[in-house]
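**Q** This is the structure alone, sequence omitted:
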C-alpha cells in the first residue's frame, strides 16, 4: 500500500528522524521530536480517464517550537528523498512514483505545542479494487 511504502521509505532515508515516521494522527504525545506523519488525502480523478487519477500524499514534519530552521533542513531531506522517486511496499510489492506538489508550508499544532511543515506529493492511481 502507498502509505506503508512512504512510511517505510522515510524511516530508512531520513536517519535524523530516528525511524519516527507514523500514520497521520497516530503519533502519541510522548513521541520524541522531530518526527513525521504520512496522510493520504482525497484522491483526485482524471478528467479524461474514468478509472485513473492521482493520490495526494501529505507528509507533515514536526518539531519543538523555537525556530523553523530545523524544519527547513528536514524539508530539503524529505523533498530529496521523495520527489521523483519510486517507493515500494515490501509487504505486497506495489511500487509508486511520487512527485512534489507546490503548497503546504508552516503551521503550528497548539494542542501539542509543536511547529510543523506540510509537504504534498502525488502518485498516479487506479480507481479499481487493489489500486491504492
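**A** Right, received. Where do you want to start? Just so we're clear, the structure is a prediction, and the values are computed from it rather than from any experiment. Residues are numbered from 1 along each chain as shown.
**Q** Can you name the residues that contact residue 39?
**A** Residues counted as contacts of residue 39 (CB atoms under 8 Å, 6 or more residues apart in numbering) are 23, 24, 25, 57, 58, 60. In short, each C-beta sits where N, CA and C put it, glycine included.
**Q** Would you check how far apart it and residue 99 are?
**A** Here the criterion is CB to CB, to the nearest Å. By it, residue 39 lies 17 Å from residue 99.
**Q** got it, and residue 84?
**A** In terms of CB to CB, residue 84 sits 6 Å off from residue 99.
**Q** who's more crowded, the two?
**A** residue 99 (15 against 11; other CB atoms under 10 Å).
**Q** Report the contact partners of that one.
**A** Residue 99 is in contact with 83, 84, 121, 122, 123, counting by CB under 8 Å, 6+ apart.
**Q** What of residue 81?
**A** Neighbouring residues of residue 81 by CB under 8 Å, 6+ apart: 9, 10, 13, 14.
**Q** can you give me the strands in this protein?
**A** Secondary structure of the chain by DSSP state E: the strands cover 21-23, 35-40, 44-45, 52-63, 85-88, 95-109, 114-126.
**Q** The fifth one - what's its average pLDDT?
**A** If I follow you right, that is strand 85-88. Averaging pLDDT along strand 85-88 yields 96.
**Q** Could you do the fourth one as well?
**A** In this model, strand 52-63 has an average pLDDT of 92.
**Q** Adjacent strands (with direction) for it?
**A** Strand 52-63 pairs in its sheet with strand 35-40 (antiparallel), strand 44-45 (antiparallel), strand 114-126 (antiparallel), by DSSP bridges.
**Q** okay, and the helix or strand of the chain with the least pLDDT?
**A** strand 44-45 (a mean of 72; mean pLDDT, DSSP states H and E).
**Q** For the most centrally placed residue in the chain, list each beta-bridge partner.
**A** With distances taken as CA atoms, centre = their mean, residue 59 lies nearest the centre of the chain, 2.8 Å away. Beta-bridge partners recorded for residue 59 (DSSP bridges): residue 38, residue 119.
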